[in-house]
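Asks: The sequence and its predicted three-dimensional model are supplied below.
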Amino acid sequence: MYAIIETSGKQYRVAAGDVIQTDLMDAEVGSTVSFDRVLLVHGKDVRIGAPTVKGAKVTAKVVGHPRGKKVITFKYRPTRRHRRRVGFRHSHTQLEITGIEG
C-alpha cells in the first residue's frame, strides 16, 4: 500500500516504513506528524482525490533535521573585477512513515 501526499507545495510517494526528506517543519525530533492532504491511496483498489481523498491520513515520526549538501554560487563580472562566492545549505526534516489510513 502506498500513498501520494502533498506538503510544502511538493508531492511525495510514500509507503509504510519509508524515510523521506521534506522542507524544514516546525516539529521536534521524536514527535508524530500527520498529513491530511493525501492525493492518492493505492491498496486493494485505487482511490484518487478531487483534490484530496476524504478520510485518508498519513502519519509519520520525525527522525531528525539534517542539512543538505552545500551549493556554491559564484558571480563574476570581468570588466569590474567583481567576484562573489556564496555558499548555501538547505535545512530538511527527515520523516519515517509509520502508517497510512484510508
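Replies: Good, I have the coordinates. Numbers count the residues shown, from 1 in each chain.

Asks: tell me the SS of the nearest residue to Arg13 once chain neighbours are set aside?
Replies: Closest residue in space to Arg13, ignoring its immediate chain neighbours: Ile4 at 5.4 Å, by CB to CB, 6 or more residues apart in numbering. The way it works is simple: take the backbone N, C-alpha and C, and place the C-beta from them, glycine included. The assignment at Ile4 comes out as strand when based on DSSP: H, G, I helix; E, B strand; the rest coil.

Asks: and Ile4, how many residues sit next to it?
Replies: 18 (other CB atoms under 10 Å).

Asks: Can you classify Lys69 by secondary structure?
Replies: Quick answer, by three-state DSSP: Lys69 is coil.

Asks: before we move on, the earlier item: you'd agree the residue nearest to Arg13 is up against Phe35?
Replies: No - if you go by CB atoms under 8 Å, Ile4 and Phe35 don't touch, sitting 10.4 Å apart.

Asks: Centre-most residue in this protein?
Replies: Of all residues in the chain, the one closest to the mean position by CA atoms, centre = their mean is Thr22, 2.3 Å from it.

Asks: Next, it: secondary structure please.
Replies: Secondary structure of Thr22, reduced to three states by three-state DSSP: strand.

Asks: Give the pairing partners of the longest strand anywhere in the chain; include direction for each.
Replies: Once the chain is assigned using DSSP state E, the strand that runs over the most residues is strand 92-101. With DSSP bridges as the criterion, the sheet partners recorded for strand 92-101 are strand 19-23 (antiparallel), strand 57-64 (antiparallel).

Asks: which SS state does the residue of the chain most remote from its centre fall under?
Replies: When distances to the mean C-alpha position of the chain are computed (CA atoms, centre = their mean), the maximum falls on Thr79, with 42.5 Å. In three-state terms, and counting by three-state DSSP, Thr79 is helix.

Asks: Then the one 5 residues further on?
Replies: Local secondary structure at Arg84 is given as strand here, using three-state DSSP.
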